[in-house]
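Engineer: sequence plus the predicted model coming up.
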Amino acid sequence: MQRLFLTGGGGMVGQNIQAHARAKNWDIFAPTSAELDLTDPKAVRSYIKKNKPDLVVHAAGRVGGIQANMADQAGFLDSNNIISRNVIMGTWSEGVRSLINLGSTCMYPAAAPNPLSEDMILTGPLEATNEGYALAKIMAMRLCDYINREDPKARFKTLIPCNLFGPHDKFDPKYSHLLPAIIHKVHQAKIEGAPNVEIWGNGKARREFMYAPDLADAVLRAATDIETCPDLINIGLGHDFTINEYYSEVADVIDWQGKFTHDLTRPVGMDQKLCDIRRATEWGWSAPTSLRVGIKETYKFYCERFGK
């Protein structure tokens, strides 16, 4: 059985990779931060040398929503850059020739036309609200590119998922992304009998949210088919919804009957983020889970984890 070193195994993406049905085909080792400090380059190289993985999946990083990113741009750039550099360079230095690096759609320019195709990266300024995180992700992608150019045996791939939600997500609005924050807010409104839930902005901005187990599906497909996987590939739905529609869908699933209000003074980020999924389609992959099914399963997890 081939061995897979997974960074970020305790995060949402990492836990969903390990829970996926195809994970049983791999001997996966996913050390915690207490077991391996990814900010220590010597420790990372030593770990890889000792465990001799056939493949590395790099899913670790410091993540957060608009509030968290705006409050600490320097920290998001620095910590993510250090972690990715250590994992990618450590993998290559120790002779491992297969790596899957997870990027982010924040790597795309703020003014890039939708849908976002992979060749648009580095063609314009980034969205200001999470620029530090985006720059770190771009540098990780470029490291993979350079290694592939310099080493004919290297298969260092970057998968760019759209926004994610699902089991093991962060639901506190201070730290979470849009959809898990909506689930938390609407659930609390139902429990407390609140008549209104506030939406930041006018709710017309469009976002593409994919169920996290579907990303796990794509990662494990790439792991077993790394030769044919494009070096850079969007992993998404290819269609999006307005923020208002996400709130309405969550309210319907949770069965909350209140009304939504809009705070037009709040930051909302890009007007739209939609992935061009032509490369994924040509590769033969598409996301299998609908929005409604994903929200139902995520809300089930939320209730089981945090109680009704």
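Structural biologist: Happy to help now that I have it.

Engineer: can you tell me how far Thr289 is from Cys162?
Structural biologist: The gap separating Thr289 from Cys162 is 13 Å, by C-beta to C-beta, to the nearest Å. Quick note: C-beta positions are derived from backbone N, CA and C, even for glycine.

Engineer: mutual contacts of the two, please.
Structural biologist: Common neighbours of Thr289 and Cys162 are listed as Met210 (criterion: C-beta atoms under 8 Å, 6 or more residues apart in numbering).

Engineer: more neighbours, those two?
Structural biologist: Set Thr289 next to Cys162 and count neighbours by other C-beta atoms under 10 Å: Cys162 wins out with 24 against 17.

Engineer: residue contacts, the more buried one?
Structural biologist: With contact set as C-beta under 8 Å, 6+ apart, Cys162 has these partners: 105, 208-210, 234-237, 273-275.

Engineer: let's have the residues you listed in CSV, adding pLDDT and secondary structure.
Structural biologist: Listed next are those as CSV, based on pLDDT from 0 to 100; DSSP: H, G, I helix; E, B strand; the rest coil:
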residue, pLDDT, secondary structure
Thr105, 91, helix
Glu208, 95, coil
Phe209, 96, strand
Met210, 97, strand
Asn234, 98, strand
Ile235, 98, strand
Gly236, 98, coil
Leu237, 97, coil
Lys273, 83, coil
Leu274, 95, coil
Cys275, 97, strand
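
Engineer: burial of Trp92, as a residue count?
Structural biologist: 21.

Engineer: what's the spacing between Gln15 and Leu179?
Structural biologist: Counting by C-beta to C-beta, the gap from Gln15 to Leu179 is 17 Å.

Engineer: and the top strand by length along the chain, what's its mean pLDDT?
Structural biologist: Longest strand of the chain, by residue count under DSSP state E: strand 155-161. Rounded to a whole number, the mean pLDDT of strand 155-161 is 98.
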